[in-house]
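*Asks:* pasted the sequence and its predicted model underneath.
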Amino acid sequence: MSWQQILDTQLLAKKTKQGWIRSCVESAAILDLQDCSVWACSRDFRLLRYSIPSDEGELEVDESQLLLQVLATGKTDPVLGLRISGLKYLLLRCDPARGLFYLRKQGGGGCLMRSTRALLFAAFSESLSTTGAEEKSQSGPLCNDRVECLAEFLVSKGF
């Protein structure tokens, strides 16, 4: 099974007794833990480089570096925060020992978790709904469940 198939069936969807729940999260990615290179991602996920205006002039944003900083320190950049796909996230809570980070953004949130060799990310939007066997609003608990379950599975397989 390819990384993209794993992302499509384990992060973006969930199998239940009633069938598949699809669109569990708004966007998702499986990244290399060392450099944040993309192994698989949803079509709207990107790690970008760009400038943002500030009182001191233009600030350079490298979203890959911001992710690596959060993993290394358990903290976001004091000026830039954490930005993924051009969106700013606040770090709500983290468990550095497990490599687990809960995030909040305007109208939703996300979850980051590392496995042995990968970094998993998923984001949800409170304005979007799942499809398939269950139709309900995307939520933090569902997003977190998808990321944590896949990370634990990957660790069990050496990834």
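*Replies:* Happy to help now that I have it.
*Asks:* can you list contacts of stretch 67-83?
*Replies:* With contacts defined as CB atoms under 8 Å, 6 or more residues apart in numbering, stretch 67-83 is touched by 31, 33, 35-36, 47-48, 52, 54, 59, 61, 63, 66, 84, 88-91, 94, 96, 99, 101, 103, 112, 114, 119. Using the backbone N, CA and C atoms, a C-beta is placed for each residue, glycine as well.
*Asks:* same question, stretch 12-23
*Replies:* Taking CB under 8 Å, 6+ apart as the rule, stretch 12-23 contacts 9, 24-25, 28, 42, 128-134, 138, 142, 145-146.
*Asks:* among those, the buried ones, what's the PyMOL command?
*Replies:* To isolate the buried members of these in PyMOL, using 16 or more other CB atoms under 10 Å:
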select buried, resi 24+25+28+42+130+132+134+138+142+146
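*Asks:* inside helices: which ones of the contacts of stretch 12-23?
*Replies:* Of the contacts of stretch 12-23, the ones assigned to helices by DSSP state H are 142, 145-146.
*Asks:* quick check, residue 122 in contact with residue 27.
*Replies:* Yes: with contact defined as CB atoms under 8 Å, residue 122 counts as touching residue 27 (7.2 Å).
*Asks:* circling back: can you redo the ones in helices among the contacts of stretch 12-23 as TSV with distance to residue 79 and pLDDT?
*Replies:* TSV is the format used below for these (distance: CB to CB, whole Å; pLDDT from 0 to 100):
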residue	distance to residue 79	pLDDT
142	32	95
145	32	96
146	31	96
